[in-house]
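**Q** Attaching a predicted model along with its sequence, questions to come.
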Amino acid sequence: MNQRQAFGKAGEELAVRYLKKKGYKVLEQNYTCPVGEIDIIARDKKTIIFVEVKTRRSMSYGSARLAITPRKQRKISMTALYYLKSNHQMDQDARFDVVTVQSIGATQEIDLIQNAFDLAYP
């Protein structure tokens, strides 16, 4: 694992702890299937939440929330549909959240964007 991957993994772990404090039940981390990958799949009451985590050290590449491009949204959507179908949960309420982790020095700022985007079709 290179330094960039380790930094991203640390951001995901911070996001998991943050979501648990918010009452989410984490079902899967780093879910992969033939169509893509989702960082975190969780449940918030009766809703299944597909969470994309973006971690940044600086603003030089722009805000972490801007990294969820329409192309990335379509990829996450297709992966979410695959998950729901393969787990016989197509009738479940679902949404897409984004957790941004901005690391500046020794401090981390975590932001949760609920309903960050709608299901995107290819």
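**A** Nice, I can see it.
**Q** Nearest to the spatial middle of this structure, which residue is it?
**A** The residue lying closest to the centre of the chain (Cα atoms, centre = their mean) is Glu52, at 1.6 Å.
**Q** packing partners for the helix or strand of the chain with the lowest mean pLDDT?
**A** Ranking every helix and strand in the chain by mean pLDDT, DSSP states H and E puts helix 3-21 at the bottom, with a mean of 86. Applying 3 or more Cβ pairs under 8 Å, 6 or more residues apart in numbering; DSSP states H and E, one finds that helix 3-21 contacts strand 25-33, strand 36-44, strand 47-56, strand 93-104, strand 107-117. From N, CA and C alone the C-beta is placed, and that goes for glycine too.
**Q** and of the ones you listed, who's closest to Pro70?
**A** Closest of the helices and strands packed on helix 3-21 to Pro70 is strand 107-117, at 8.6 Å (criterion: Cβ to Cβ).
**Q** how many degrees apart are that closest one and strand 47-56 in direction?
**A** Relative orientation of strand 107-117 versus strand 47-56 (axes from the mean of the first three to the mean of the last three Cα atoms, to 10 degrees): 140 degrees.
**Q** now strand 107-117: mean pLDDT?
**A** Regarding strand 107-117, the rounded mean pLDDT is 90.
**Q** what angle do that strand and helix 3-21 make?
**A** 70 degrees.
**Q** can you pull the buried residues of strand 107-117?
**A** For strand 107-117, the neighbour count (16 or more other Cβ atoms under 10 Å) marks 110, 113, 116-117 as buried.
**Q** Which of these sits closest to Leu84?
**A** Closest approach between the buried residues of strand 107-117 and Leu84, by Cβ to Cβ: Phe117, at 16.4 Å.
**Q** and the closest one, how far is that from Arg74?
**A** To Arg74, Phe117 is 10 Å away according to Cβ to Cβ, to the nearest Å.
**Q** same check, this time on Thr32
**A** Thr32 is 17 Å from Arg74, by Cβ to Cβ.
**Q** go on, Glu109?
**A** Glu109 sits 28 Å away from Arg74, going by Cβ to Cβ.
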